[in-house]
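[1] Turn this into a structure:
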Amino acid sequence: MLCRRSLLLLLVSCAISAHLAAQQTTTSQTVQKDPQAVSVLTQALNAAGGPAALSPIQDFKGTGTITYYWGGEEVNASVTVKGRGTGQFRLDANLPDGVRSWAVNNGTGFLKNTDGTVKVAGYDNSVNFGSLTFPYAYMVTLLQDSSMSISYVGLETAKNGNKVQHIQIHKVFTPDPGGMFGKLTTRDFFIDPATFQVVSTLDMVHPKNASNVNIPHEMQFSNYQRVNGVFVPFTVTEFTAGQRTFTLQLSEISFNDGLQDVDFQE
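    Reported below is the predicted structural model:
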């Protein structure tokens, strides 16, 4: 009798676990493309130059200056930024004591300090950093990617008092127990409802070995200028945990320079 009861309990437990796993998998497999969100993204892409101008862009390279805000001090340097596809980005700053480089390369990343020391960044802190300073390189793929969920959050008031359209996206993985990978790929776009220019993006970064701890990471875009039929933000400011970390001021940008994987390696 005891064996039968134990077997029955085991079967019930397995059935419940399978049911929960099925619910979890079903949730992770749900791809939503909200019509209003799609409409706002489409208008934003059209305002930036349109798919015909944006789609051919394979890579970009920009030069200018960067101001870091470290410990209450401003540190200025000349800078080069590079981006390729949706998963590769690099920033090289020529600081007074040497070159500081950081890059992401399709899910992995590194920071190389001026003294030569290197810190490696994992997937959780690299996945949303592709095309960091040129969000349209990423946005142009959203509507074509069948694994990307797109939601309309609403019309909101930004920190500066202006209205913005809030769009949230995340990639759907199968399987994705607990939805962790989907959460890591979540990114929010804030779009001006009048000009349809991207005002800012928001994602999360994480302490080392603590992917479940979220630290807000915001990129703000302004000073849009037309380059080869595409509107590009020439001023980009980063905020981490609400603190301004750098402001990038581009002086020029070019497209399709033939960048390769090696350009995003240490």
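[2] what's the burial count for the residue nearest to residue 62 when sequence neighbours are not counted?
    Take residue 62 and drop its neighbours on the chain: the residue closest to it by C-beta to C-beta, 6 or more residues apart in numbering is residue 253, 3.9 Å away. All C-beta spots, glycine's among them, are computed from the backbone N, C-alpha and C. Each residue near residue 253 was counted by other C-beta atoms under 10 Å, and the total is 21.
[3] Does the strand or helix carrying residue 62 pack against any helices or strands, and if so which?
    Secondary structure assigned from DSSP states H and E places residue 62 in strand 59-70. Contact here means 3 or more C-beta pairs under 8 Å, 6 or more residues apart in numbering; DSSP states H and E; on that basis strand 59-70 packs against strand 73-84, strand 88-95, strand 243-255.
[4] give me that answer again for 10 Å
    strand 73-84, strand 88-95, helix 136-142, strand 230-240, strand 243-255 (3 or more C-beta pairs under 10 Å, 6 or more residues apart in numbering; DSSP states H and E).
[5] Tell me where the stretch 151-266 of the chain has helices.
    180-184 (DSSP state H, counting those that start in this stretch).
[6] So, low pLDDT: which residues of it?
    Counting by pLDDT under 70, the stretch 151-266 of the chain contains no low-confidence segment.
[7] returning to that earlier point: and the strand holding residue 62, what's buried?
    Buried positions in strand 59-70, judged by neighbour count with 16 or more other C-beta atoms under 10 Å: 59-62, 64, 66-69.
[8] swap in stretch 209-227?
    In stretch 209-227, the ones that count as buried by 16+ other C-beta under 10 Å are 211, 217-221, 224, 227.
[9] Kindly report the same for stretch 97-117.
    Along stretch 97-117, these residues count as buried under the neighbour rule (16+ other C-beta under 10 Å): 100-106, 108-110, 112.
[10] With just CA atoms, put that stretch into PDB.
    Listed next in PDB are the C-alpha coordinates belonging to stretch 97-117 (Å, rounded to 0.1, in the frame of the first residue of the first chain):
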ATOM      1  CA  ASP A  97      46.800  58.500 -20.100                       C
ATOM      2  CA  GLY A  98      46.000  56.100 -23.000                       C
ATOM      3  CA  VAL A  99      43.300  54.500 -25.000                       C
ATOM      4  CA  ARG A 100      40.200  53.100 -23.200                       C
ATOM      5  CA  SER A 101      38.300  50.600 -25.300                       C
ATOM      6  CA  TRP A 102      35.100  48.700 -24.800                       C
ATOM      7  CA  ALA A 103      33.200  46.500 -27.200                       C
ATOM      8  CA  VAL A 104      30.400  44.000 -27.600                       C
ATOM      9  CA  ASN A 105      30.500  41.200 -30.100                       C
ATOM     10  CA  ASN A 106      27.300  39.200 -30.500                       C
ATOM     11  CA  GLY A 107      26.600  38.500 -26.800                       C
ATOM     12  CA  THR A 108      30.000  38.900 -25.300                       C
ATOM     13  CA  GLY A 109      32.000  42.000 -24.400                       C
ATOM     14  CA  PHE A 110      35.100  43.500 -22.800                       C
ATOM     15  CA  LEU A 111      36.500  46.700 -21.300                       C
ATOM     16  CA  LYS A 112      40.200  47.400 -21.800                       C
ATOM     17  CA  ASN A 113      41.500  50.100 -19.500                       C
ATOM     18  CA  THR A 114      44.300  52.500 -20.300                       C
ATOM     19  CA  ASP A 115      46.700  50.400 -18.100                       C
ATOM     20  CA  GLY A 116      46.000  47.300 -20.300                       C
ATOM     21  CA  THR A 117      43.800  45.500 -17.800                       C
END
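[11] What average pLDDT does that stretch get?
    The average pLDDT for stretch 97-117 rounds to 96.
[12] and what of stretch 84-94?
    The average pLDDT within stretch 84-94 is 96.
[13] Pull out the buried positions in it.
    For stretch 84-94, the buried set under the neighbour-count rule, 16+ other C-beta under 10 Å, comprises 84-93.
[14] same thing with stretch 36-53?
    Buried, per 16+ other C-beta under 10 Å, within stretch 36-53: 37, 40-42, 44-45, 47-49, 53.
[15] one step back: with secondary structure as extra columns, can I get the buried residues of stretch 97-117 in a markdown table?
    Formatted as a markdown table, the entries for the buried residues of stretch 97-117 read as follows, by DSSP: H, G, I helix; E, B strand; the rest coil:
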| residue | secondary structure |
| --- | --- |
| 100 | strand |
| 101 | strand |
| 102 | strand |
| 103 | strand |
| 104 | strand |
| 105 | strand |
| 106 | coil |
| 108 | coil |
| 109 | strand |
| 110 | strand |
| 112 | strand |
